[in-house]
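>>> sequence-free structure coming up:
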């Protein structure tokens, strides 16, 4: 069935997970031709583009994913990642802050926010953010829920 969005999505996941980004891209593009507002395929295609370092295409897909779900922390985080990779540290910081508004214990955004502070020469803020990261990712009993991802 050439319009089976479920099959295309599963193929995309399978190829993405196995590292075959070209085939994953094909599957997600075919899926989005049939179902352009698929809630996850827009993000996943963005991730494929991110991994291929096709950052402008990735940002387009993440923007589409965020229109469908404004609280998609994965898209927000990956946009921050791209901003950081391309040297736009203020853009990265803004996106990491958006991630943390949705998920205050997002371990990667917590850590990367500290590294961006370092890149910006904000050593006090970086130190405070690293302490906050360690507080939020503490796997002791009182914060055990942060250790299950």
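Nice, I can see it. These figures come from a predicted structure and were not determined experimentally. Numbering: from 1, shown residues only.
>>> got any ranges where this structure has weak pLDDT?
139-149 (pLDDT under 70).
>>> again, only this time at 80
Residue ranges of the chain with pLDDT under 80: 1-3, 138-149.
>>> which residues in it form helices?
For the chain, the helices defined by DSSP state H occupy 5-18, 21-34, 41-51, 55-68, 73-85, 89-102, 107-119, 123-136.
>>> now, of those, which is deepest in the fold?
Looking across the helices of the chain with neighbours counted as mean count of other CB atoms under 10 Å, the highest average goes to helix 41-51: a mean of 24. To be clear about C-beta, it is placed using only N, CA and C from the backbone, and glycine gets the same treatment.
>>> Report the angle between that helix and helix 55-68.
On the basis of axes from the mean of the first three to the mean of the last three CA atoms, to 10 degrees, helix 41-51 is oriented at 160 degrees to helix 55-68.
>>> which residues sit against helix 41-51?
Contacts to helix 41-51, defined as CB atoms under 8 Å, 6 or more residues apart in numbering, come from residues 5, 8-9, 12-13, 16, 21, 24-25, 28-29, 31-32, 35, 55, 57-62, 64-65, 68, 72, 74-75, 78, 81-82.
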